[in-house]
Each structure stands twice: as structure tokens, then as C-alpha cells.
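one predicted model, sequence on top.
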Amino acid sequence: MGNETIKQGTEQEQQEHIEYLEGYIRKLMGEIELSDEPAEKVSAFDRQEGGTHYKDCAIQPVQFCQANNIAFMEANAIKYLVRHQSKGQAADLRKALHYVQMAIEHYYPETIEA
């Protein structure tokens, strides 16, 4: 399902499209567990989407980078360096190197050879 919008067309076509979207939303809502109990607040830092390669660290790279005011390019290099053994292996090291190279070009352009 992509970005759905109300289709141009007859009133009947528009109504059918609205009903389709409402049915899709009801289906999605049925997949969400609803409870009268107040939801337990879980910090985003206490969970991870798509694996445990950051959560298994003593300190997550994002927490380290935030605490030390590390900029985007450097933070991404750190992220890839930290996770390479448990996720992307050599590809993650190449990504880290790419971010380091971008940082060099950004901060020290005069050092780049022609």
C-alpha cells in the first residue's frame, strides 16, 4: 500500500475509495493490541528496531555521540565502526571510512589532493 489519496472521479468512485481506505485502517487497527491498561513507558533507548547490535553495547553509539556533541558524519562513522562485527562486517567498515572521508573533505578541504 503506497501513499493513498482520494481519487478524482465520480462521487461513487470516491465513496468506494473512502470505504477501501477505512477498511484498510480498520485492518491495521486490528493488528494493534489495544488495552485499557495504561501503557508502560519504555524509552526508545531501551529497545531497538531490527536487531540488538546497538542495544548489546555497554553504551549505545547514539548515546555516546549525544553526550559528546559529536556531529553527524563523525557519529555515523562511529555507529558503523561499533556494529561491523555484529551486523554489516566489511561493508560497515567501508561505510565508516566513507563518512570519515566526507568529514575530511568537509573540515579540511585543503588537504584533498587534486
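Okay, I see it.

what residue ranges in the chain score low on pLDDT?
Across the chain, residues meeting the criterion (pLDDT under 70) sit at 1-8, 31-36, 38-39, 44.

dihedrals phi and psi, the spatially most central residue of the chain?
Nearest to the mean C-alpha position of the chain, by CA atoms, centre = their mean, lies residue 49 at 8.2 Å. Geometry field for residue 49 lists phi and psi as phi -90, psi 130, criterion degrees, to the nearest 10.

residue 97 now?
With angles defined as degrees, to the nearest 10, residue 97 sits at phi -60, psi -40.

mind listing what the residue nearest to it when sequence neighbours are not counted touches?
Distance criterion CB to CB, 6 or more residues apart in numbering; nearest residue to residue 97, sequence neighbours excluded, is residue 77 at 7.8 Å. Using the backbone N, CA and C atoms, a C-beta is placed for each residue, glycine as well. Listed by CB atoms under 8 Å, 6 or more residues apart in numbering, the contact partners of residue 77 are 96, 97, 99, 100, 103.

give me the buried entries from the residues you listed.
For these, a burial check counting by 16 or more other CB atoms under 10 Å picks out 96, 99, 100, 103.
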